[in-house]
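**Student:** quick one: sequence plus predicted model below, questions after.
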Amino acid sequence: MAPVKLTYFKATGIGEHIRYLLSYGGVEFEDFRVSTNMDEFAKMKDKLPLGQLPVLEIEGKKLFHAVSIARFLGNRFNLVGDDEWDRVTCDLAADTITDLRMALAPFAYEKNEEVKKQKRDEALTKAKYFVDKLEGFLAKNGGHFLKDEKLSWADIKLAAIIPYLIHMTGGEDIFAEAPKIKALKAKVDALPAISKYLANRPNEAF
(Lines give C-alpha, C1' and ligand atoms only; values in the text may rest on other atoms or scores of the structure.)
Protein backbone atom coordinates (compact mmCIF):
# COMPACT_ATOMS: atom_id res chain seq x y z
CA MET A 1 0.00 0.00 0.00
CA ALA A 2 1.27 3.47 -0.89
CA PRO A 3 2.46 5.53 2.09
CA VAL A 4 0.20 8.23 3.50
CA LYS A 5 1.52 11.78 3.35
CA LEU A 6 0.01 14.99 4.66
CA THR A 7 1.49 18.20 3.33
CA TYR A 8 0.73 21.36 5.27
CA PHE A 9 2.55 24.29 6.83
CA LYS A 10 4.70 24.30 9.96
CA ALA A 11 1.67 25.40 11.95
CA THR A 12 -1.56 24.04 13.33
CA GLY A 13 -4.04 26.05 11.24
CA ILE A 14 -6.58 24.22 9.10
CA GLY A 15 -4.35 21.18 8.74
CA GLU A 16 -4.19 20.20 12.40
CA HIS A 17 -7.55 18.45 12.51
CA ILE A 18 -6.32 16.17 9.70
CA ARG A 19 -3.30 15.25 11.82
CA TYR A 20 -5.65 14.59 14.73
CA LEU A 21 -7.92 12.38 12.62
CA LEU A 22 -5.10 10.35 11.10
CA SER A 23 -3.67 9.83 14.57
CA TYR A 24 -7.07 8.83 15.94
CA GLY A 25 -7.47 6.32 13.12
CA GLY A 26 -4.08 4.75 13.84
CA VAL A 27 -2.71 5.72 10.44
CA GLU A 28 1.05 6.09 10.13
CA PHE A 29 1.68 9.10 7.94
CA GLU A 30 4.44 11.39 6.78
CA ASP A 31 3.74 14.75 8.36
CA PHE A 32 5.45 16.98 5.79
CA ARG A 33 5.55 20.54 7.13
CA VAL A 34 6.24 23.41 4.75
CA SER A 35 7.94 26.60 5.93
CA THR A 36 5.53 29.42 6.73
CA ASN A 37 7.85 32.00 5.13
CA MET A 38 6.25 30.99 1.80
CA ASP A 39 9.49 30.46 -0.13
CA GLU A 40 9.23 26.68 0.09
CA PHE A 41 5.50 26.81 -0.65
CA ALA A 42 6.03 29.00 -3.72
CA LYS A 43 8.22 26.30 -5.26
CA MET A 44 5.54 23.62 -4.94
CA LYS A 45 2.41 25.73 -5.51
CA ASP A 46 2.02 24.94 -9.22
CA LYS A 47 2.25 21.21 -8.54
CA LEU A 48 -0.65 21.18 -6.07
CA PRO A 49 -4.20 20.28 -7.18
CA LEU A 50 -5.53 23.77 -6.40
CA GLY A 51 -2.30 25.54 -5.56
CA GLN A 52 -3.08 25.40 -1.86
CA LEU A 53 -2.61 23.31 1.28
CA PRO A 54 -3.41 20.94 2.93
CA VAL A 55 -3.05 17.99 0.57
CA LEU A 56 -3.43 14.40 1.73
CA GLU A 57 -1.91 11.62 -0.38
CA ILE A 58 -3.54 8.32 0.49
CA GLU A 59 -3.85 5.04 -1.41
CA GLY A 60 -2.38 6.62 -4.52
CA LYS A 61 -4.82 9.55 -4.58
CA LYS A 62 -4.43 13.21 -3.70
CA LEU A 63 -7.17 14.78 -1.61
CA PHE A 64 -7.50 18.52 -1.07
CA HIS A 65 -9.77 20.99 0.77
CA ALA A 66 -9.39 20.61 4.53
CA VAL A 67 -13.04 19.93 5.33
CA SER A 68 -13.43 17.42 2.49
CA ILE A 69 -10.40 15.53 3.76
CA ALA A 70 -11.82 15.55 7.29
CA ARG A 71 -15.19 14.29 6.08
CA PHE A 72 -13.48 11.46 4.17
CA LEU A 73 -11.50 10.44 7.24
CA GLY A 74 -14.58 10.81 9.43
CA ASN A 75 -16.42 8.32 7.25
CA ARG A 76 -13.47 5.97 7.22
CA PHE A 77 -13.08 5.99 10.99
CA ASN A 78 -16.82 5.78 11.77
CA LEU A 79 -17.00 9.31 13.17
CA VAL A 80 -20.16 10.34 11.32
CA GLY A 81 -22.91 8.94 13.52
CA ASP A 82 -25.68 6.55 12.53
CA ASP A 83 -27.68 8.10 9.71
CA GLU A 84 -27.98 10.93 7.19
CA TRP A 85 -29.13 13.35 9.87
CA ASP A 86 -26.03 12.68 11.92
CA ARG A 87 -23.88 13.16 8.83
CA VAL A 88 -25.46 16.49 7.98
CA THR A 89 -25.14 17.55 11.63
CA CYS A 90 -21.39 17.00 11.32
CA ASP A 91 -21.36 19.05 8.12
CA LEU A 92 -23.33 21.88 9.72
CA ALA A 93 -20.97 21.97 12.69
CA ALA A 94 -17.90 21.94 10.46
CA ASP A 95 -19.28 24.77 8.32
CA THR A 96 -20.03 26.80 11.44
CA ILE A 97 -16.42 26.31 12.59
CA THR A 98 -15.34 27.61 9.17
CA ASP A 99 -17.68 30.59 9.63
CA LEU A 100 -15.93 31.31 12.92
CA ARG A 101 -12.51 31.22 11.30
CA MET A 102 -13.61 33.41 8.41
CA ALA A 103 -15.10 35.95 10.82
CA LEU A 104 -11.61 36.45 12.23
CA ALA A 105 -9.79 36.41 8.89
CA PRO A 106 -10.21 40.09 7.86
CA PHE A 107 -8.64 41.13 11.17
CA ALA A 108 -6.05 38.38 11.51
CA TYR A 109 -4.57 38.72 8.02
CA GLU A 110 -4.66 42.52 7.76
CA LYS A 111 -1.13 43.91 7.27
CA ASN A 112 -1.85 47.59 7.89
CA GLU A 113 -1.75 48.04 11.67
CA GLU A 114 -4.08 51.03 11.72
CA VAL A 115 -6.68 49.26 9.60
CA LYS A 116 -6.20 46.14 11.72
CA LYS A 117 -7.15 48.05 14.85
CA GLN A 118 -10.31 49.27 13.15
CA LYS A 119 -11.31 45.72 12.20
CA ARG A 120 -10.68 44.17 15.61
CA ASP A 121 -13.96 44.82 17.43
CA GLU A 122 -16.16 43.77 14.51
CA ALA A 123 -14.17 40.58 13.98
CA LEU A 124 -14.30 39.60 17.65
CA THR A 125 -18.02 40.35 17.87
CA LYS A 126 -18.73 38.12 14.86
CA ALA A 127 -16.42 35.41 16.16
CA LYS A 128 -18.05 35.35 19.59
CA TYR A 129 -21.45 35.02 17.92
CA PHE A 130 -20.31 31.77 16.29
CA VAL A 131 -18.64 30.61 19.51
CA ASP A 132 -21.96 31.03 21.29
CA LYS A 133 -23.74 29.05 18.57
CA LEU A 134 -21.21 26.20 18.77
CA GLU A 135 -21.49 26.19 22.57
CA GLY A 136 -25.25 25.89 22.21
CA PHE A 137 -24.96 22.99 19.78
CA LEU A 138 -22.77 21.11 22.25
CA ALA A 139 -25.07 21.86 25.18
CA LYS A 140 -27.92 20.03 23.43
CA ASN A 141 -26.01 16.75 23.15
CA GLY A 142 -24.03 16.27 26.31
CA GLY A 143 -20.99 18.16 25.09
CA HIS A 144 -20.79 16.70 21.57
CA PHE A 145 -22.26 17.65 18.23
CA LEU A 146 -24.01 14.29 17.87
CA LYS A 147 -26.68 12.86 20.14
CA ASP A 148 -25.86 10.30 22.82
CA GLU A 149 -22.43 11.92 23.31
CA LYS A 150 -21.04 10.23 20.21
CA LEU A 151 -17.61 11.42 19.11
CA SER A 152 -17.58 12.87 15.60
CA TRP A 153 -15.06 14.28 13.17
CA ALA A 154 -16.63 17.70 13.79
CA ASP A 155 -15.74 17.38 17.49
CA ILE A 156 -12.17 16.62 16.54
CA LYS A 157 -12.06 19.47 14.02
CA LEU A 158 -13.15 21.98 16.65
CA ALA A 159 -10.74 20.71 19.29
CA ALA A 160 -7.81 20.83 16.88
CA ILE A 161 -8.38 24.35 15.57
CA ILE A 162 -8.95 26.17 18.87
CA PRO A 163 -5.29 27.20 19.43
CA TYR A 164 -5.08 28.59 15.91
CA LEU A 165 -8.31 30.57 16.34
CA ILE A 166 -6.94 32.12 19.53
CA HIS A 167 -3.75 32.92 17.62
CA MET A 168 -5.88 34.66 14.98
CA THR A 169 -7.41 36.93 17.63
CA GLY A 170 -3.97 38.07 18.71
CA GLY A 171 -4.13 35.99 21.85
CA GLU A 172 -7.60 36.76 23.19
CA ASP A 173 -9.38 33.64 24.43
CA ILE A 174 -12.73 33.88 22.67
CA PHE A 175 -13.64 30.56 24.33
CA ALA A 176 -13.25 31.88 27.89
CA GLU A 177 -17.01 31.74 28.46
CA ALA A 178 -17.58 28.52 26.52
CA PRO A 179 -17.14 25.68 29.05
CA LYS A 180 -18.63 23.02 26.78
CA ILE A 181 -16.12 23.81 24.05
CA LYS A 182 -13.22 23.80 26.51
CA ALA A 183 -14.39 20.48 27.98
CA LEU A 184 -14.67 18.96 24.50
CA LYS A 185 -11.13 20.04 23.63
CA ALA A 186 -9.80 18.51 26.84
CA LYS A 187 -11.68 15.28 26.14
CA VAL A 188 -10.44 15.00 22.54
CA ASP A 189 -6.86 15.88 23.47
CA ALA A 190 -6.93 13.15 26.14
CA LEU A 191 -7.85 10.38 23.68
CA PRO A 192 -4.86 7.98 23.79
CA ALA A 193 -3.91 8.19 20.10
CA ILE A 194 -4.29 11.96 19.97
CA SER A 195 -2.52 12.43 23.29
CA LYS A 196 0.41 10.45 21.87
CA TYR A 197 0.47 12.63 18.74
CA LEU A 198 0.41 15.82 20.82
CA ALA A 199 3.26 14.58 22.99
CA ASN A 200 5.45 14.05 19.94
CA ARG A 201 4.45 16.77 17.47
CA PRO A 202 6.86 19.59 16.61
CA ASN A 203 6.60 22.65 18.83
CA GLU A 204 5.16 25.09 16.30
CA ALA A 205 4.51 28.77 17.04
CA PHE A 206 0.78 28.36 16.37
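**Tutor:** That came in fine, so what should we check first?
**Student:** and the helices in this protein?
**Tutor:** For the chain, applying DSSP state H gives helices covering 16-24, 39-44, 66-76, 84-108, 113-139, 153-168, 179-189, 192-200.
**Student:** which one of those lies nearest to Leu50?
**Tutor:** helix 66-76 (11.0 Å; Cβ to Cβ). The way it works is simple: take the backbone N, C-alpha and C, and place the C-beta from them, glycine included.
**Student:** the closest one: which residues count as buried?
**Tutor:** Across helix 66-76, burial judged by 16 or more other Cβ atoms under 10 Å covers Ala66, Val67, Ile69, Ala70, Arg71, Phe72, Leu73, Gly74.
**Student:** just stretch 128-143 next, same as before
**Tutor:** With burial defined by 16+ other Cβ under 10 Å, the residues of stretch 128-143 counted as buried are Lys128, Phe130, Val131, Leu134, Glu135, Phe137, Leu138, Asn141.
**Student:** mean confidence score for that stretch?
**Tutor:** Per-residue pLDDT values over stretch 128-143 give a mean of 97.
**Student:** domains of the protein?
**Tutor:** 4-78+192-200, 84-189 (automatic domain parsing).
**Student:** turn these into TSV, including distance to Phe206.
**Tutor:** Output for the domains of the chain, formatted as TSV (distance: least, Cβ to Cβ, whole Å):
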stretch	distance to Phe206
domain 4-78+192-200	6
domain 84-189	4
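**Student:** report the helix or strand with the lowest average pLDDT across this protein.
**Tutor:** helix 39-44 (a mean of 89; mean pLDDT, DSSP states H and E).
**Student:** against which helices or strands is that helix packed?
**Tutor:** In this structure, helix 39-44 makes packing contacts with strand 29-34, judged by 3 or more Cβ pairs under 8 Å, 6 or more residues apart in numbering; DSSP states H and E.
**Student:** return the distance of the strand it packs on from the chain's centre.
**Tutor:** Between the centre of strand 29-34 and the centre of its chain there are 16 Å (Cα atoms, centre = their mean, to the nearest Å).
**Student:** do stretch 156-172 as well
**Tutor:** Using Cα atoms, centre = their mean, the offset of stretch 156-172 from its chain centre is 8 Å.
**Student:** what mean pLDDT does it have?
**Tutor:** Averaged over stretch 156-172, pLDDT sits at 96.
**Student:** again, but for stretch 179-188
**Tutor:** Across stretch 179-188, the per-residue pLDDT values average to 98.
**Student:** and for that stretch, what's in contact with it?
**Tutor:** Where contact means Cβ atoms under 8 Å, 6 or more residues apart in numbering, the residues beyond stretch 179-188 that reach it are 20, 131, 134-135, 138-139, 143-144, 151, 155-156, 158-160, 162, 175, 194.
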